[in-house]
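In: After the sequence you'll find the predicted model.
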Amino acid sequence: MRPACLALILAALSTSLTAAQEPTSRPERLTIFKRLSLAQLARFDRDRAAFAQKVKPADVPYPFVRGTFHMHSELSHDSNGKISEIIAAAKATRTRVVGMTDHPSKTVDVVKEGAKGWKDGVYFLAGVEGGGALDWPAVQGEADLRFVSHPEEVPTFDRSRFAGMEIYNTHSDAKDEPMKKLLAAVLLNLPAVKTHTDAAFESFLDYPAGFMARYDKLTIDAPFSGIAANDCHQNISFTLVAMPDETVEIFDYSEDRISKVDGMPAKILRSVFGPKGQVTKPTPMTSLSLDPYERGMRHVGTFLQISEVSERTVRHALRTGRVILGFEIVAPLPSVGFWIERDGKPAATVGDQLPWQPGLSLRCALPAEARIRIVRNGKPVHETLADACALPLSSGGVYRMEACVTLAGEQWPWVISNPIYVEQAAAATRPK
Ligand SMILES: [Zn+2]
Ligand SMILES: [Zn+2]
């Protein structure tokens, strides 16, 4: 698209859309318009490919199994996705565990009908999303397993009912964008978005600062597990259709009309994506699917520290926070570790509790150099640019690790671990 043409669409669309302010609820970053520009998308992809070249599996003492949780299929009212498509996406992203959570329905028992157990080498948990919770009901002698879902919509909850909470949710992250601006930016930059779709999908990715602040407060009081919610529906797609009345209509994944563009923006969209002249019947111009399962699953993984996959081991890891989150659309994460060592031997990993004693040190190992941050009781206590760290522990506390990667001039979250809980020595009071 010619720049002059782009500027014209920008002007036309921005006057036809309600001007929305950039939200203040998230860390400072480029606007959605800037992130979706061709230059920025191309730069993101270039930097991402260069970084991926440096990634080598880190030597870590605990196992590392990829899972994706909070997944929707055609059992939900808002998805047409098939389990076979989810299995194919799991294989493409080396995901071995999938936690389904379809929306409840009056006509189907989604837990009963949902995929469960091994399917073609992928292990499924059948659950349901409702009332601000993900719920994997009791099965095979295993207790009910619940997580707070969409924490932004659940201001308070009784934590005794939950094993943990979503500390990242793809949908929550996208929702904090000014939606009309996001749609306009995608349309304006459609040729670039179609060429750099992964980068475009990441345009809304932010470090989940609000969720983490809340999570840190909860974990200071008692252990609480944190997982990533992919919230995959494979339903963010649209088709532009040229109409006989010279407008352009936009249809979603289920062929419902979601928008109608007229005037100058319609003229410009038609001149870019054809047909040039009058049409006598609705004529598809172009289409885009932003969130096929594979992309939605690669975006973020919930990695479980288990050596074999079963209903018991998966639920145990989720319940106890033996979990590390990895944003693999930023960079692949073949392995990562955050653990405590005593006398040169691993003594505890994420989710574990152990008493403070002399001679403990925190260790982390990453598959490439990144900005590592160690957080104790919600406050950063150590920051370094490295692929590993070793930090002698002088006191108890709730310790977790994060790592960020710089791509296209911006910092992106790559790894967020669950905490290790180091109990203060008996004589001292637990730091708050
Ligand atoms: Zn849904
Ligand atoms: Zn959902």
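Out: Ah, there it is. Residues are numbered from 1 along each chain as shown. Ligands and ions are numbered 1, 2, ... in the order given.
In: May I see the domains of the chain written out as residue ranges?
Out: Domains of the chain are assigned by automatic domain parsing as 8-15+27-234+291-320, 237-289, 335-423.
In: can you pull up the bridge partners for L360?
Out: R342 (DSSP bridges).
In: can you pull the contacts of it?
Out: L360 makes contact with I340, E341, R342, A347, L354, P392, L393, V422, according to Cβ atoms under 8 Å, 6 or more residues apart in numbering. Yep, even glycine has a C-beta here, placed from its N, CA and C like the rest.
In: Out of the domains of the chain, which is closest to ligand 2?
Out: Comparing the domains of the chain against ligand 2 with Cβ to the ion, the closest turns out to be domain 8-15+27-234+291-320 (4.5 Å).
In: pretty sure Y399 is in a strand, no?
Out: Yes - if the criterion is DSSP: H, G, I helix; E, B strand; the rest coil, then Y399 is within a strand.
In: contacting residues for it?
Out: Here Y399 is in contact with L362, I374, V375, R376, L393, P419, I420, V422 (Cβ under 8 Å, 6+ apart).
In: how about the helices of the chain, start to end?
Out: Taking DSSP state H as the criterion, the chain carries its helices at 3-16, 32-35, 38-54, 83-92, 110-113, 170-175, 179-188, 190-195, 197-201, 209-221, 263-273, 293-299, 311-320.
In: quick one: buried residues of the fourth one?
Out: Taking 16 or more other Cβ atoms under 10 Å as the basis for neighbour counts, the residues of helix 83-92 that come out buried are I83, E85, I86, I87, A88, A89, A90.
In: That helix - contacts with which helices or strands?
Out: strand 122-130, helix 293-299 (3 or more Cβ pairs under 8 Å, 6 or more residues apart in numbering; DSSP states H and E).
In: one step back: and the domains of the chain as a markdown table, adding distance to ligand 2 and mean pLDDT?
Out: As requested, the domains of the chain are exported to a markdown table (distance: least, Cβ to the ion, whole Å; pLDDT from 0 to 100):
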| stretch | distance to ligand 2 | mean pLDDT |
| --- | --- | --- |
| domain 8-15+27-234+291-320 | 4 | 93 |
| domain 237-289 | 15 | 89 |
| domain 335-423 | 20 | 96 |
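In: Just send those domains back as TSV, with distance to I329 too.
Out: Formatted as TSV, the domains of the chain follow (distance: least, Cβ to Cβ, whole Å):
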stretch	distance to I329
domain 8-15+27-234+291-320	5
domain 237-289	15
domain 335-423	9
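In: Nearest to E328, out of the ones you listed?
Out: Minimum separation from E328 across those (Cβ to Cβ) falls at domain 8-15+27-234+291-320, 5.1 Å.
In: what's the spacing between E85 and D120?
Out: 12 Å (Cβ to Cβ, to the nearest Å).
In: and what of R322?
Out: R322 is 25 Å from D120, by Cβ to Cβ.
In: From the structure, what's the count of residues near the closest residue to L385 other than its chain neighbours?
Out: Nearest residue to L385, sequence neighbours excluded (Cβ to Cβ, 6 or more residues apart in numbering): R371, at 5.5 Å. Using other Cβ atoms under 10 Å as the criterion, R371 is surrounded by 15 other residues.
In: K54 too?
Out: K54, neighbours per other Cβ under 10 Å, totals 12.
In: Give the bridge partners for T384, please.
Out: I372.
In: Make sure it is actually in contact with I372.
Out: Yes - using Cβ atoms under 8 Å, T384 makes contact with I372 at a distance of 5.3 Å.
In: need the buried residues of helix 83-92 in TSV with distance to D256, can you?
Out: Below are the buried residues of helix 83-92 laid out as TSV (distance: Cβ to Cβ, whole Å):
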residue	distance to D256
I83	24
E85	21
I86	23
I87	27
A88	26
A89	24
A90	28
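In: T384 and I372: which has the busier surroundings?
Out: Set side by side, T384 and I372 show more neighbours around I372, with 24 against 15, by other Cβ under 10 Å.
In: about what we covered before: pick out whichever of R322 and D120 has more residues nearby.
Out: More crowded of R322 and D120, by other Cβ under 10 Å: R322, with 21 against 10.
In: is it true that that one touches W339?
Out: No - between R322 and W339 there is no contact under Cβ under 8 Å: 11.0 Å.
In: shared neighbours, these two?
Out: What both R322 and W339 touch, as defined by Cβ under 8 Å, 6+ apart, is the set T349, V350.
In: Name the nearest residue to K217, sequence neighbours excluded.
Out: Nearest one to K217, counting by Cβ to Cβ, 6+ apart, is G378 at 6.7 Å.
In: Look up how far L360 lies from the one you found.
Out: G378 is 20 Å from L360, by Cβ to Cβ.
In: can you check L269 too?
Out: From L269 to L360 the distance is 61 Å (Cβ to Cβ).
In: And F238, by the same measure?
Out: Going from F238 to L360 by Cβ to Cβ gives 53 Å.
In: try P367
Out: Taking Cβ to Cβ, one finds P367 at 25 Å from L360.
In: Kindly report the same for V272.
Out: Counting by Cβ to Cβ, the gap from V272 to L360 is 61 Å.
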